[in-house]
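S.K.: here's a sequence, model it:
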Amino acid sequence: MTQQDLANYLCDFEGFEGVELCQLGSFLKTLEEENLLGNLYQMTTLDGHVKRVCLDYYRVSYQETQTQKLRYVVKLTLGEFDEQLGRIEISLKSSFATAEVYNAFREAKGVLELIIDLSWECTRRIGRLVEALKTNSTLTTWDLNSNFIKDDRAQALAEPLRTNSTLISLNLKNNSIRLIGGQALAEARKTNTTLTTLGLMGNFIGDKIAQTLFVALKTTRRDIVP
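M.R.: Numbers count the residues shown, from 1 in each chain. Predicted coordinates:
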């Protein structure tokens, strides 16, 4: 998160004194050197008093709020969120719920495993999930088994895989991925350095693409799950 992002968000933060947070947010936009003392920033309260606050404290509070949002949307959709394991299992049946989950997931840290069951309608919003994956730095296991994913969506998913440095296992079994989608995944794997398991059983990628993926994964001691 950039300081600008933090500054913009603080004005909407609930649970703390809103005016003070907005002042901190405004201050972070300029970061005047004369107001800086170590990791403390000078602020003026409503009654005119000057005080210094720790930026790290607000950053921790900000992250906790994002986790609270994630808890709420998972509960709202009758999903399960095991915070100790960092595991979310959720079934998304509406575009609204899908958007809420993706937005919360994008900001929250600590999610290691994401198991999603998407309705046909929700697969059209998979671009939001792709954007979330681009910024997420903790997810290691992603299960999209049986989710109506076709070539265009596989191509979209392949894009963040090119540079993602945390994902270890990707399950795309029992979808509708064919040659074009399989080729996009194969190209993404060439530059991905962390993916160790790729599940593609029940798709239609063809023998040539399957062999390409198999050889590539095998040479780097990785597995393509039949």
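
S.K.: mean confidence score for the helix or strand encompassing residue 102?
M.R.: Assessed by DSSP states H and E, residue 102 sits inside helix 95-107. On average, the pLDDT along helix 95-107 is 80.

S.K.: what's the answer for stretch 172-191, then?
M.R.: 92.

S.K.: please identify the buried residues of it?
M.R.: For stretch 172-191, the buried set under the neighbour-count rule, 16 or more other C-beta atoms under 10 Å, comprises 172-175, 177-178, 181-186, 188-189. Where you see a C-beta, it was placed from the backbone N, CA and C, and this is true even at glycine.

S.K.: swap in stretch 149-166?
M.R.: Neighbour-count burial for stretch 149-166 flags 149, 151, 153, 154, 155, 156, 157, 158, 159, 160, 161, 164 (criterion: 16+ other C-beta under 10 Å).

S.K.: contacts for it, please.
M.R.: 123, 126-127, 130, 133-134, 136-140, 144, 167, 170, 172, 175-182, 184-185, 187-189, 191-195 (C-beta atoms under 8 Å, 6 or more residues apart in numbering).

S.K.: where does residue 47 fall, helix, sheet strand or coil?
M.R.: What DSSP: H, G, I helix; E, B strand; the rest coil gives for residue 47 is coil.

S.K.: burial count for it?
M.R.: Neighbour count for residue 47, taken as other C-beta atoms under 10 Å: 5.

S.K.: OK, contacts around it?
M.R.: Applying C-beta under 8 Å, 6+ apart, no residues contact residue 47.

S.K.: next, count neighbours for residue 136.
M.R.: Using other C-beta under 10 Å, residue 136 has 21 neighbouring residues.

S.K.: need phi/psi at it.
M.R.: Per-residue torsions, residue 136: phi -80, psi 140 (degrees, to the nearest 10).

S.K.: pretty sure it contacts residue 111?
M.R.: Yes: Residue 136 lies in contact with residue 111 (C-beta atoms under 8 Å); the separation is 7.2 Å.

S.K.: before we move on, back to that, pull out the buried residues from the helix holding residue 102.
M.R.: Using 16+ other C-beta under 10 Å as the test for burial, helix 95-107 gives 97, 98, 100, 101, 102, 103, 104, 105, 106, 107.

S.K.: likewise for stretch 67-82?
M.R.: Counting neighbours by 16+ other C-beta under 10 Å, the buried set in stretch 67-82 is 67, 69, 70, 73, 74, 77, 79, 81.

S.K.: try stretch 141-148
M.R.: In stretch 141-148, counting by 16+ other C-beta under 10 Å, buried: 141, 142, 143, 144, 145, 147, 148.

S.K.: what is the nearest of those to residue 201?
M.R.: Sorting the buried residues of stretch 141-148 by how near they are to residue 201, with C-beta to C-beta, puts residue 145 at the top with 9.4 Å.

S.K.: quick one on the thing from earlier: which one of the buried residues of stretch 172-191 is nearest residue 119?
M.R.: Of those, the one sitting nearest to residue 119 (C-beta to C-beta) turns out to be residue 175, at 14.0 Å.

S.K.: any idea of the pLDDT on the closest residue to the closest one other than its chain neighbours?
M.R.: Among residues not flanking residue 175 along the chain, residue 149 sits closest, at 3.9 Å (C-beta to C-beta, 6 or more residues apart in numbering). Looking at residue 149, its pLDDT is 91.

S.K.: brilliant, that's me finished.
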